[in-house]
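3D model of this:
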Amino acid sequence: MPTLDTGYGRDYRNIPFITLSELKPRVWITLSDCNFKCKGCFSFAREPIGEPMRVEQLINLVKKSSRRYYGDTPLEEAVITGGEPTLNRHYLVDLVSQLKEFVRDVVLDTNGYLLDDAYLEELIEAGLTEVMFDLKAWDEKLHEWYTGYSNKRILANIRNAYGKIKLVVNTVYIPGIVDESEIESIARFLSEIDKKGEIDYRINRYNTNLSHEKISRNPYPEEIERAYSIVTKYMKNSVIGKSCVRERKIEVKRGWITVFPDGTSKRRTLDDYRAENKRIKMGSATVV
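You can find the predicted model right below:
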């Protein structure tokens, strides 16, 4: 098991950028660095890139950029993502608390490894309204191979979180690795917890163009549909989705406004993101 450095004593996190939605008043806050080293990871924020920012500096960036883009319309949602947001507990609790003062819903996107009962309760008290668990695999050995860590704590943390806060669980479908059998096991596990059908379970597609390591191919549409049909036997709320996309069905082609720590911004599409990811995989650590 790798040594886990949570950076708890630091009063900053490295921030490469925040992102504003073109569809509704929403911000994604990216806290870089991650304890997991997932073989199929798509995010260059798993390394500690970006500018070190205290919570107050980050909040100021969110307020200024959202006011500039949305005007007087209040933010409906802030999604805290990464990297892995839970690495610094004090920082995250403070961030949630300050966001809740001017954002309706505050959402945490996490691998769930560190999110035990006490940590979750502290975040809920600070104002957290939803948790998205990224459950990578059901089989423990497969999970260890893929991430470097066991999934036992994550499964326990999902079970503990049920009934305390709105829950979403995401799994990436990776052909030949995390496919129908893995997804069915996860759906069965969630259905045993969730007798009321309150958990949303989302199947995301593996994408070779975004992945740090090419460990598989892109899934065929019929494979995703088959996995979805299996999940519907167990779960009332299931959907085929994409990572970080919040709406279930959107007909328009979306783009995002990326705001960097110095306040400059640019519009980016998924094609831009893929190109940047490719540059970084080839050795460049600069996001432009």
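
worst-scoring helix or strand of this protein, pLDDT-wise?
Scoring the helices and strands of the chain by mean pLDDT, DSSP states H and E places helix 270-281 at the bottom, with a mean of 57.

Report the beta-bridge partner residues of the most centrally placed residue in the chain.
Nearest to the geometric centre of the chain sits D109, at 3.6 Å (CA atoms, centre = their mean). Beta-bridge pairing for D109 (DSSP bridges): M132.

Can you name the residues that contact it?
Contacts for D109 (CB atoms under 8 Å, 6 or more residues apart in numbering) come out as 79-82, 85, 132, 134, 244. In short, each C-beta sits where N, CA and C put it, glycine included.

do the same with N14
Applying CB under 8 Å, 6+ apart, the residues near N14 are 31-33, 48-53.

Show me the contacts of D109 that map onto strands.
79-82, 132, 134 (DSSP state E).

For those residues, which single residue is the most surrounded?
Neighbour tally across these (other CB atoms under 10 Å): the maximum, 24 neighbours, falls on I80.

follow-up on the earlier one: tell me the spacing between the residue nearest to the centre of the chain and A156.
To A156, D109 is 19 Å away according to CB to CB, to the nearest Å.

Averaged pLDDT, stretch 200-209. What do you get?
Averaged over stretch 200-209, pLDDT sits at 92.

And the pLDDT for the closest residue to R26 other than its chain neighbours?
Leaving aside its chain neighbours, R26 sits nearest to E77 (4.5 Å; criterion: CB to CB, 6 or more residues apart in numbering). Looking at E77, its pLDDT is 98.

go on, the one 5 residues further on?
The score at G82 is 95. That number is its pLDDT.

that older thread, okay, the residue nearest to the centre of the chain: pLDDT?
98.

pLDDT weak spots in the protein?
1-9, 241-254, 270-288 (pLDDT under 70).

What is the longest helix of it by residue count?
Assignment by DSSP state H gives helix 55-70 as the longest helix of the chain.

now for that helix, which elements pack on it?
Where contact means 3 or more CB pairs under 8 Å, 6 or more residues apart in numbering; DSSP states H and E, helix 55-70 is packed against strand 13-15, strand 18-21, strand 26-31, strand 75-82, helix 89-99, strand 256-259.

buried sites along the longest one?
I take that to be helix 89-99. Of the residues in helix 89-99, 89, 91-99 count as buried by neighbour count, 16 or more other CB atoms under 10 Å.

could you pull out the helices for the stretch 101-250 of the chain?
For the stretch 101-250 of the chain, applying DSSP state H, counting those that start in this stretch gives helices covering 117-126, 140-147, 152-161, 180-193, 221-231.

Tabulate these in JSON lines, adding columns for mean neighbour count and distance to N237.
JSON lines is the format used below for those (neighbours: other CB atoms under 10 Å; distance: least, CB to CB, whole Å):
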{"stretch": "helix 117-126", "mean neighbour count": "16", "distance to N237": "21"}
{"stretch": "helix 140-147", "mean neighbour count": "17", "distance to N237": "24"}
{"stretch": "helix 152-161", "mean neighbour count": "18", "distance to N237": "15"}
{"stretch": "helix 180-193", "mean neighbour count": "18", "distance to N237": "10"}
{"stretch": "helix 221-231", "mean neighbour count": "16", "distance to N237": "10"}
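
Those helices: which one's closest to S43?
helix 140-147 (13.4 Å; CB to CB).

Just the residues contacting that closest one, thanks.
Contacts of helix 140-147 (CB under 8 Å, 6+ apart): 36-40, 111, 136-137, 149-152, 177-178, 182.

quick one: that helix to chain centroid distance?
Mean C-alpha position of helix 140-147 versus that of the full chain (CA atoms, centre = their mean, to the nearest Å) differs by 19 Å.

Relative to the whole chain's centre, how far out is stretch 72-89?
On CA atoms, centre = their mean, the centre of stretch 72-89 falls 10 Å from that of its chain.

Quick one: end-to-end length of it, please.
Start to finish, the residues bounding stretch 72-89 are 31 Å apart (CA to CA, to the nearest Å).

for stretch 153-170, same thing?
End residues of stretch 153-170 are separated by 16 Å (CA to CA).

Tell me how far V62 lies from W28.
Taking CB to CB, one finds V62 at 10 Å from W28.

Please enumerate the shared neighbours of those two.
What both V62 and W28 touch, as defined by CB under 8 Å, 6+ apart, is the set 18, 78.

I59 touches L99, doesn't it?
Yes. At 7.1 Å, I59 counts as touching L99 under the criterion of CB atoms under 8 Å.

All good on my end, thank you.
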